[in-house]
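Chemist: Sequence first, predicted model second:
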Amino acid sequence: MKRKKLKLKKQAYYIFAGIVGIFVAIILGVNFYNDLKYKESNEAKLITIGYTLEQAKKIEEKLTKEEVEKILNMEKNDNILSLIEEKYFLMKNLDNYLEYMKKESEKSLTEIIAIVNTHANNKWYSKTFETNIDLKEQMLVNKFYALNENYNPENLKTLSLQYAYGEPGTNKLIDYAYDKYMDLWEAANEAGYYLMVNSSYRDYESQKQTYEYCKAAKGERKADEIAAHVGHSEHQTGLVVDMTSKNAPEDFKFKESEEYKWLKENAHKYGFIERYPEGKTFITGYSPESWHWRYVGIDAATVIYNENITYDEYYAYYIEK
């Protein structure tokens, strides 16, 4: 009887030991599997090439899986961490950011990203992209994006001499931009300001003559600061008004006027933006023009106003991407 009990105890012990062994094996196997899977993760790979755990987590938080994999094919670079923290960072431009940083080390990261995103790291007019006219009020025309000679906006409406200087019928806007401009004009008038338009739609040939005149009078360098090459003028879009007022009819005085101050705070509510603001020449390529206002639509204008960016920056980040 004692032998039988002892035998049962041994069997129970072996069964228990076997069960424990199985559990241990399972735990070790799971740990081994998890460790193996972790080593295959992008986080582990980032750590392997030199990033800290915190840095690796930040990279994975900011970038997509595909974008992280591109980082893994590059040498560790702390500049990448700084760049991805910037609001307008675009992964497609990473190589260009890093290259430009080497050339312009004194510029801030914000400036570098804005410049590269908008192609302004290239010489003006050195690259030409075709303007996407299907975007309508959100089309981009600048020193890199151009309209061809055949583009003529449809449904132009004429601004009467009540709202514009010049010969009758010379100032025009696309109908939807015209309607929003009239809303803006009425709001300004109710606030006690009388806006006037000096210039608006300008066709391809007219812009050619304008630029050639500036070039002959002031030289090519100065002409490029104040006038667009043919095809590169926003005036050809039919979405632009050069505004002054009855109180400050000269362009160069408009910046000091109360009308300008009102526009700065209210134009976006009607879809208009100051296209070439002060301090942004390195992005727009133009000297500040307080009189040049462009219709981009209320949503886009509101973002541009709230974020204090140019249309070039808006287009690069929110449309072109």
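Modeler: Happy to help now that I have it. Numbers count the residues shown, from 1 in each chain.
Chemist: Quick check: pLDDT value at Ile22.
Modeler: Looking at Ile22, its pLDDT stands at 62.
Chemist: got it, and Tyr315?
Modeler: On the pLDDT scale, Tyr315 gets 98.
Chemist: Quick check, it in contact with Leu140.
Modeler: Yes. Counting by Cβ atoms under 8 Å, Leu140 is a contact partner of Tyr315 at 4.6 Å. Heads up, the C-betas are built off the backbone N, CA and C, glycines and all.
Chemist: for this protein, what spans make up the strands?
Modeler: Assigned by DSSP state E, the chain shows strands spanning 129-130, 145-146, 156-158, 172-174, 195-199, 240-245, 272-276, 289-295.
Chemist: okay, those strands in TSV with mean pLDDT, distance to Val116 and mean neighbour count next?
Modeler: Converted to TSV, the strands of the chain look like this (pLDDT from 0 to 100; distance: least, Cβ to Cβ, whole Å; neighbours: other Cβ atoms under 10 Å):
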stretch	mean pLDDT	distance to Val116	mean neighbour count
strand 129-130	97	15	11
strand 145-146	98	16	20
strand 156-158	98	36	17
strand 172-174	98	31	23
strand 195-199	96	32	22
strand 240-245	95	26	24
strand 272-276	98	20	25
strand 289-295	97	23	24
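Chemist: now those as JSON lines including distance to Lys136?
Modeler: Output for the strands of the chain, formatted as JSON lines (distance: least, Cβ to Cβ, whole Å):
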{"stretch": "strand 129-130", "distance to Lys136": "15"}
{"stretch": "strand 145-146", "distance to Lys136": "14"}
{"stretch": "strand 156-158", "distance to Lys136": "14"}
{"stretch": "strand 172-174", "distance to Lys136": "8"}
{"stretch": "strand 195-199", "distance to Lys136": "21"}
{"stretch": "strand 240-245", "distance to Lys136": "14"}
{"stretch": "strand 272-276", "distance to Lys136": "15"}
{"stretch": "strand 289-295", "distance to Lys136": "10"}
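Chemist: Go ahead and produce PDB holding the CA coordinates of stretch 228-248.
Modeler: C-alpha atoms of stretch 228-248 as PDB (Å, rounded to 0.1, in the frame of the first residue of the first chain):
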ATOM      1  CA  ALA A 228       6.400  88.900 -63.700                       C
ATOM      2  CA  HIS A 229       7.800  87.300 -66.800                       C
ATOM      3  CA  VAL A 230       5.100  86.600 -69.400                       C
ATOM      4  CA  GLY A 231       2.900  83.600 -68.400                       C
ATOM      5  CA  HIS A 232       4.100  84.000 -64.800                       C
ATOM      6  CA  SER A 233       1.700  86.800 -63.800                       C
ATOM      7  CA  GLU A 234      -1.200  86.300 -61.500                       C
ATOM      8  CA  HIS A 235      -3.000  89.000 -63.400                       C
ATOM      9  CA  GLN A 236      -3.600  86.600 -66.300                       C
ATOM     10  CA  THR A 237      -5.700  84.400 -64.000                       C
ATOM     11  CA  GLY A 238      -8.500  87.000 -63.600                       C
ATOM     12  CA  LEU A 239      -8.300  86.500 -59.900                       C
ATOM     13  CA  VAL A 240      -6.300  89.600 -58.900                       C
ATOM     14  CA  VAL A 241      -7.000  93.200 -58.100                       C
ATOM     15  CA  ASP A 242      -4.400  95.800 -57.400                       C
ATOM     16  CA  MET A 243      -6.200  98.000 -54.900                       C
ATOM     17  CA  THR A 244      -5.800 101.400 -53.500                       C
ATOM     18  CA  SER A 245      -8.400 103.900 -52.300                       C
ATOM     19  CA  LYS A 246      -9.800 107.300 -53.000                       C
ATOM     20  CA  ASN A 247      -7.900 108.500 -49.900                       C
ATOM     21  CA  ALA A 248      -4.600 106.900 -50.900                       C
END
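Chemist: Could you report the distance from Leu239 to Ser126?
Modeler: 25 Å (Cβ to Cβ, to the nearest Å).
Chemist: Having no further points to raise, I will conclude here.
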